[in-house]
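Trainee: Next one to model:
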Amino acid sequence: MKKVLLTMASILSMIASVFAGGNEYKTVEIYDSMRNQVLNLNSSQFGEFGNKPVLCVLMETGYPEAVATLVVVTDGSASIYFSNGGGIIGAGEHLQGKKHSLTLMEIAKDVSVQQTASSAMIQPVP
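Mentor: Residues are numbered from 1 along each chain as shown. The predicted structure is shown next:
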């Protein structure tokens, strides 16, 4: 019964967001600070990992309510931040989290040769 109610609530939420139109969100200060910190990292901050070709991966997804930002660092640490506050910090401290983080870093290294550097730091929009 709970599963059905949660599914219905999710569907209603999606429908409401479609018809609400023009949803704009405001980011909270801690999110902006964490995001800027990641975007301004440099190799000297990574110690023994600073010579890696890819230092971190930042993946952002815009949802109607907020932006979800996944950050994975070359040492296997990982966190998810939400632009409206909150997040999961330290997922890479767990064995499975670190394993998947390091896999993502390997994939990023492999595709980095196909990427173009950019100084734009634009957030996704809802």
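
Trainee: going forward, measure contacts and count neighbours with C-alpha atoms only.
Mentor: Fine.

Trainee: so Ser33 sits in a helix?
Mentor: Yes. The assignment for Ser33 by DSSP: H, G, I helix; E, B strand; the rest coil puts it in a helix.

Trainee: Measure how buried it is and give me the count.
Mentor: 11 (other C-alpha atoms under 10 Å).

Trainee: Parallel or antiparallel, which strands does the helix or strand Met59 falls within pair with?
Mentor: In the assignment (DSSP states H and E), Met59 maps to strand 56-62. Taking DSSP bridges as the criterion, strand 56-62 forms sheet pairs with strand 67-73 (antiparallel).

Trainee: Moving C-terminal from the partner strand, which element do we reach first?
Mentor: Assigned by DSSP H and E, the successor of strand 67-73 is strand 78-82.

Trainee: helices or strands up against that next one?
Mentor: If contacts are counted by 3 or more C-alpha pairs under 8 Å, 6 or more residues apart in numbering; DSSP states H and E, strand 78-82 sits against strand 67-73, strand 87-89, helix 95-112.

Trainee: Can you say which of these is packed in most?
Mentor: strand 67-73 (a mean of 21; mean count of other C-alpha atoms under 10 Å).

Trainee: ok and that one relative to helix 95-112, angle-wise?
Mentor: 90 degrees (axes from the mean of the first three to the mean of the last three C-alpha atoms, to 10 degrees).
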